[in-house]
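Asker: Provided below are the primary sequence and the corresponding predicted coordinates.
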Amino acid sequence: MKKKKEGFVEAAHSKDSFQTEKRKKLQGKSRVRKKTFLTLSQKEALTGWAFVTPVMIGFLVFTAGSMLYSLYISFTDWNMLTEPKWVGFKNFVNLFTKDMYFWDYLGNTVYYVIVLVPTVIVISLFFAILLNKRVKGLTPFYRACLFLPCIVSTVAVSLVWKWIFNSTEGMLNGILRSFGVENPPGWLSTTEWAKNSIIIMRIWQMSGYYMVMFLSGLQTIPETLYEAAVVDGANKAQQLRYITIPLLRPTTFAITILLVLDAFNIFEIVLIMTEGRLDTSSLMYYIYTLAFENYRMGYASALAWVLFLIILGFTILRFVTRKDEKM
Amino acid sequence: MKMQLAHKKKFTISYFTKKRIGNVVYNIFMMFLCLVIVYPIFWTFCSAFKTNYQIFHEAPVNLIPRPFTLENFQELAKIYNISRMVFNGLYLAIVIPFLSMLVSSMAAYALARLRFKGSNIVFLLLISTMMIPSYVTLIPNFAIMVRLGLLNSHWALILRSALAGSATAIFLFRQYFLSIPRDLENAAIIDGCSWAGVFFRIILPNSKPILASVAILTFRGTWNAYLWPSLIIQEERLWTWTLGLKLLSEWETRQSVLMAGSVISILPILIIYIIFQKYFVNSQIGSGFSGV
């Protein structure tokens, strides 16, 4: 390849005037001096590795290394001040047999996942279908409005919603009362409604985000399919049932996985809205209190790994069952 | 026959009228929906300028502050050094995206274009971090920072975010770089430009849309971050506004002051959202992945 290049340069030289030829030769000489012994593809590989090195260092230290470290800690008793003490499977055994909080918090977390995931999918799909294809007019404005809740900080909106849900002076009950509801629910202050309140707030916050993902999925569905369906006399509901939903499967698949991760990660809302009360607290919050309030790092790491394996199991299950979904 | 046709015409609404009515109904419904969704944020802004008395004694539908007061912000200024905290937050939200984008875009370019052994494995490893929940690595990361002596230092935040890059950013950048025509680079390489030169002189200047999207996403993530900064930073002078707001919420009982605090938290990201609205939404499209 290099020979070819030099030949090309020489050919070009012969056409040039004498002076420029001389100048170019001088340039060529200086380039010869700089030449290293690496071939072009070696240079490419070297640059490639140089470019991924920073990220790989970060990955090895903060992700891969940290995960292994966390796994090791989960078999120890450690308060961060003294050396970790190896205790074998004790943390895991205690977690499943002696810890009553674990099952409560697991129940709460599973409840969040089971209610939140389908609801957000339905609502964000509904929003996406409403916005799809109406490019003119006010649609960008509507899209911006629906997307707005997910850009603001969870800490701030949790504060706002804590006030909205306030049972005596809150905005929601004020509105409900003005519509003539005699005994509006106590929202966050009652056990029956606390989890649902958090879910309502999360739906409000996240729907716009997943709506945008559904919108990008909807844009990949060819218009001609709908035209053909209309010619065949299909109504809107049938179009949704037989075209939109089946063709959105890849998007829905990705969204389900992300939403499950998201629902397992509920933390800041619980921290601010109910301060980690037993009937609302998530496992994520439990890990946080165990590690950074009680300094039981080993136990917290064991819990984190259990939770990670649950999510991993779900994701793998989702990947396996996806094959049957393909028609 | 003629009669029948005329008869039919009378009772069917024309296609266009139907469409127009549909449009009106659609717009009214969407307006209502947007109002419901945006109302809590809008209400927060109004409440920040109300007196605490008005919040407690008037119907929540009453949006207009009477009297209009800046007292809540003055109260906040008595409690906290607001400008310092906002500055810390903004400073981190500018430095971290900048470094993180540099690192991620370089990696993404290598993974998108440069042929080297092991690139597939590197890509898979980096993308798989998207599936790893933050709490698994939280404790070890904290322990690392303690060991490095970076507790109570912005460097801990910068180091972790910048070096780790972000799987989302790498994914988005890679998608974008793959769409840039290869001829551009080939021409530069034949002219004797190095691969690094190609990246910094040709690829990056041609990637403004994706740079803007990722910058905004990372800005949002850094400005809103609570958990990790709260572990690292205990000294009040190093706090970001999000940390201050959280602590405020633990003991402040005046709702109007809390709403003023929320407004300070929402405002910067809102301004950026309004200016770069297009990029915000675009950055989601086609990616499907991002941390909130």
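Answerer: Received, thanks.
Asker: domains in the chain, by residue range?
Answerer: Using chain A. Domain assignment for chain A by automatic domain parsing gives A:2-90, A:93-325.
Asker: chain B is the one I meant
Answerer: B:13-72, B:81-284.
Asker: buried stuff in stretch B:250-258?
Answerer: Of the residues in stretch B:250-258, B:252, B:255-258 count as buried by neighbour count, 16 or more other Cβ atoms under 10 Å in any protein chain shown. Placement of C-beta: from N, CA and C, glycine included.
Asker: max pairwise distance over those residues: which two?
Answerer: B:252 and B:256 (10.0 Å; Cβ to Cβ).
Asker: now residue A:286: how far from residue A:199?
Answerer: Going from residue A:286 to residue A:199 by Cβ to Cβ, to the nearest Å gives 18 Å.
Asker: neighbour-wise, which of these two wins?
Answerer: residue A:286 (26 against 19; other Cβ atoms under 10 Å in any protein chain shown).
Asker: what helix or strand is the more buried one on?
Answerer: helix A:283-292 (DSSP states H and E).
Asker: close to chain B, is that helix?
Answerer: Yes. With Cβ under 8 Å from any Cβ of the partner chain as the measure, helix A:283-292 is seen reaching chain B through A:284, A:287-288, A:291-292.
Asker: any idea of the pLDDT on residue B:283?
Answerer: pLDDT for residue B:283: 48.
Asker: now swap in residue B:170 and tell me
Answerer: 89.
Asker: and the next helix or strand past the least confident helix or strand in chain B by mean pLDDT?
Answerer: Ranked by mean pLDDT, DSSP states H and E, the weakest helix or strand in chain B is helix B:2-11, scoring a mean of 52. Scanning forward in sequence from helix B:2-11 by DSSP H and E, the next helix or strand is helix B:15-48.
Asker: list the buried residues of whichever helix or strand comes after that next one.
Answerer: Counting by DSSP H and E, the element after helix B:15-48 in chain order, helix or strand, is helix B:52-57. Across helix B:52-57, burial judged by 16+ other Cβ under 10 Å covers B:52, B:54-55.
Asker: what is the nearest of the residues you listed to residue A:260?
Answerer: So of the buried residues of helix B:52-57, ranked by how close each gets to residue A:260 (Cβ to Cβ), first place is residue B:55, at 37.7 Å.
Asker: ok, residue A:46 touching residue A:39?
Answerer: No. The criterion here is Cβ atoms under 8 Å, and residue A:46 misses it with residue A:39 at 10.5 Å.
Asker: which of those two has more neighbours?
Answerer: Neighbour totals were compared for residue A:46 and residue A:39, and residue A:46 leads with 14 against 11 (other Cβ under 10 Å).
Asker: touching chain A at all, stretch B:104-121?
Answerer: Yes. Counting by Cβ under 8 Å from any Cβ, chain A has neighbours in stretch B:104-121: B:104, B:106-107, B:109-111, B:114-117, B:119.
Asker: please, which helix or strand holds the residue sitting nearest the centre point of chain A?
Answerer: With distances taken as Cα atoms, centre = their mean, the residue of chain A nearest its centroid is residue A:258 (4.9 Å). Residue A:258 belongs to helix A:249-264 when assigned by DSSP H and E.
Asker: who touches that helix?
Answerer: Contacts of helix A:249-264 with the rest of the structure, by Cβ atoms under 8 Å, 6 or more residues apart in numbering or on different chains, involve A:109, A:112-113, A:116-117, A:120-121, A:124-125, A:202, A:206, A:210, A:213-214, A:216-217, A:245, A:282-284, A:307, A:310-311, A:314-315, A:318, A:322, A:325-326, B:131, B:133, B:288-289, B:292.
Asker: can you name the element that comes right after that helix?
Answerer: Taking DSSP H and E, what comes next after helix A:249-264 is helix A:268-273.
Asker: what are the ranges of the helices in the stretch 1-150 of chain A?
Answerer: A:2-15, A:18-34, A:40-58, A:66-73, A:90-97, A:100-131, A:139-147 (DSSP state H, counting those that start in this stretch).
Asker: need the ones you listed in CSV with distance to chain B, can you?
Answerer: Output for the helices of the stretch 1-150 of chain A, formatted as CSV (distance: least, Cβ to the nearest Cβ, whole Å):
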stretch, distance to chain B
helix A:2-15, 7
helix A:18-34, 7
helix A:40-58, 3
helix A:66-73, 4
helix A:90-97, 13
helix A:100-131, 7
helix A:139-147, 4
